[in-house]
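> Generate a structure from the sequence data that follows.
(3 chains)
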Amino acid sequence: MTYPVTPSQTVPARERLPDDFPAQRVALVDLLDRVLAQGVVITGDITLSIADVDLVTVSLRAILASVSALAGQAAGQAPVRAEVTS
Amino acid sequence: MTQTIRYRLDGDEDGAAERGLAALVLTVVELLRQLMERQAIRRVADGTVTDEQAEKLGYTLMRLDERMNELMEHFGLGPEDLNLDLGPLGTLLPEE
Amino acid sequence: MTERGFWVYAVAGQYAGEDLSGLDGVGDGRVRVIGAAGLAVLASDVDLAEFGAEALRRNLEDLDWLERVAWAHHHVIDAAARLLPLLPMRLATVYASEGTAAAAFTERAAELRDALAQVRGRAEWGVKAYARPAREVSARDKPAPAGAESGAAESGTGGTGTGGTGPGGAGAGSGAGTAYLKRRRDQLSAQRDTQRDAVASARAVHSALAGHAAWSRLHPPQSAQLSGDRAPMLLNASYLLDAGDGTAFTSVLEAAASTHPDLRLELTGPWPPYSFAGGDAQ
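Sure thing, here's the model as predicted:
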């Protein structure tokens, strides 16, 4: 007996579909899990674009590194002085 | 394989670009605010701040939080618009 | 005449002439079958300008190209899998020629036959588990500061004053700040506990499902940007089930869902046995 499936079923069904992604792309992640050896990695960059023109690329890794460094510095320091700036 | 997140700053509605930029900026602000808050909580728990300092810390952070709410309301942004989740990179703030 | 390569979709056991005609390949070629040590290799000719090593490095970064090609690859495998048991190949298994492909598969024939025996009469089903956001209270979603009254009551250290001014007040209400920090600390702590419990739930679910499957395989969690789902993914697994086991498996899944209401479970399938082709060395 081969591949036990009803002939009508070609695209695996998904229980729910997010609004902002086309139906195909939703099931695509499930397919990519299976057909790609390592899967997909989203780089730590955000590209800001307007009118389909890529303008600025922000490296999130750089931001994350800074934040981690801040966290490391803050731990164990003298009491923090917090002021309201409004 | 890698993919870059493309963050569109324009859109169909009025003020989409402004909102897009605000969301990005407020995400960073919120990140820092949450970081400060966690740090304050840790310091209070460690007992390395005085009661008076703890009160001031808490009050300021509370006011900052209110300010964030006001800003978000002003730009019509909800919590889901602040992208604090980077997928494989995990959440921006480390789990304790 | 541009250089051609040999794109492989799947390998099957004895090919008894099942009708695979009319299947279009990923490029412009038709799917055809070549023999290799008694195995049947399903493949098509492709243009190396688009599907060669260098071109692939470029094209695999293009999500639109990837989407198109992944589906084309899948449609061939899916159609063929209804006709004969097979081992799907990963995307972009390209050989320089029919000859090199035949040689490569001949060399691995024994291992491939073992793998085919494993998947014969079986299909793959996927299960994903997400942490439910319902109980999660983020810093943004917490109730508005209730004002110093409840704050002072919470902090409960005898003494300092009646609850001072509320958030809009001129000065720091006594206890309001401390109460705020305590509230946030409790929320974060509860969040951590919830997350820890959800992870334990996911492990339990996988354990239960794996017990009902011939084989199981864990995948890395999906990227939220790609799946469009912000909830943390705590399980992303494939299970190899015997034909006709679908109903029983679904019951186990439903039972697991009831036992673990802190998770949202999703089922996909059936899939051709992509995750059980043993092909990571490809």
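
> in the stretch 51-200 of chain C, which spans are helices?
Here the stretch 51-200 of chain C has its helices, by DSSP state H, counting those that start in this stretch, at C:53-59, C:63-81, C:98-107, C:109-119, C:148-155, C:176-210.

> Save those helices as JSON lines, and put in mean neighbour count too.
C-beta coordinates here come from the backbone N, C-alpha and C atoms, glycine included. As requested, the helices of the stretch 51-200 of chain C are exported to JSON lines (neighbours: other C-beta atoms under 10 Å in any protein chain shown):
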{"stretch": "helix C:53-59", "mean neighbour count": "13"}
{"stretch": "helix C:63-81", "mean neighbour count": "20"}
{"stretch": "helix C:98-107", "mean neighbour count": "16"}
{"stretch": "helix C:109-119", "mean neighbour count": "16"}
{"stretch": "helix C:148-155", "mean neighbour count": "20"}
{"stretch": "helix C:176-210", "mean neighbour count": "19"}
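
> who wins for proximity to chain B among those helices?
With C-beta to the nearest C-beta, the closest approach to chain B among the helices of the stretch 51-200 of chain C belongs to helix C:176-210: 2.9 Å.

> where does the chain have low pLDDT?
I'll assume chain A. Low-confidence segments of chain A, defined by pLDDT under 70: A:1-26, A:38-46, A:48-53, A:58-86.

> could you do chain B instead?
For chain B, the stretches flagged by pLDDT under 70 are B:1-9, B:83-96.

> Output the longest helix belonging to it.
Within chain B, and with DSSP state H defining each element, the longest helix by residue count is helix B:16-46.

> Just send the helices of the stretch 51-200 of chain C back as TSV, with distance to chain B and mean pLDDT too.
Formatted as TSV, the helices of the stretch 51-200 of chain C follow (distance: least, C-beta to the nearest C-beta, whole Å; pLDDT from 0 to 100):
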stretch	distance to chain B	mean pLDDT
helix C:53-59	9	89
helix C:63-81	6	92
helix C:98-107	23	94
helix C:109-119	25	94
helix C:148-155	9	38
helix C:176-210	3	93
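
> still on that earlier bit, for the longest helix of chain B, buried residues please.
Neighbour-count burial for helix B:16-46, counted by 16 or more other C-beta atoms under 10 Å in any protein chain shown, picks out B:19-20, B:22-24, B:26-27, B:29-31, B:33-44.

> Considering only those residues, which also neighbour chain A?
When these are checked against chain A using C-beta under 8 Å from any C-beta of the partner chain, the ones in range are B:Leu24, B:Leu31, B:Leu35, B:Met36, B:Gln39, B:Ala40, B:Arg42, B:Arg43.

> Tell me the helix or strand right after the longest helix of chain B.
Moving toward the C-terminus from helix B:16-46, the next helix or strand (DSSP states H and E) is helix B:51-75.

> related to what we said a few turns ago, just checking the distance from the longest helix of chain B to the centre of its chain.
Helix B:16-46 sits 3 Å away from the centroid of its parent chain (C-alpha atoms, centre = their mean, to the nearest Å).

> Against which helices or strands is that helix packed?
Identification of packing neighbours for helix B:16-46 by 3 or more C-beta pairs under 8 Å, 6 or more residues apart in numbering or on different chains; DSSP states H and E yields strand A:41-50, helix A:60-74, strand B:2-8, helix B:51-75, helix C:176-210.

> The fourth one vs helix C:176-210, what angle?
Read that as helix B:51-75. Helix B:51-75 runs at 70 degrees relative to helix C:176-210, counting by axes from the mean of the first three to the mean of the last three C-alpha atoms, to 10 degrees.

> which other helices and strands contact helix B:51-75?
Using 3+ C-beta pairs under 8 Å, 6+ apart: helix B:51-75 touches helix B:16-46, helix C:176-210.

> Would you work out how far apart the start and end of stretch C:207-219 are?
15 Å (C-alpha to C-alpha, to the nearest Å).

> Ramachandran angles for C:Glu61?
When read as degrees, to the nearest 10, the backbone of C:Glu61 gives phi -80, psi -10.

> What is the burial count for it?
Using other C-beta atoms under 10 Å in any protein chain shown, C:Glu61 has 14 neighbouring residues.

> interface residues of the stretch 151-282 of chain C facing chain A?
Checking the stretch 151-282 of chain C against chain A by C-beta under 8 Å from any C-beta, the hits are C:219-220, C:222-223, C:225-229, C:236, C:238, C:243-244, C:246, C:266-272, C:274-275, C:280, C:282.

> Take those residues and keep only those in strands.
Using DSSP state E, the subset of those located in strands is C:Asn236, C:Ser238, C:Glu266, C:Leu267, C:Thr268, C:Gly269, C:Pro270, C:Trp271.

> What score does the third one have for pLDDT?
We have a pLDDT of 93 for C:Glu266.

> same question, the last one
What the model reports as pLDDT for C:Trp271 is 93.

> Contacts only, for it.
Applying C-beta atoms under 8 Å, 6 or more residues apart in numbering or on different chains, we find C:Trp271 in contact with A:Pro12, A:Arg34, C:Ala123, C:Glu124, C:Trp125, C:Gly126, C:Ser238.
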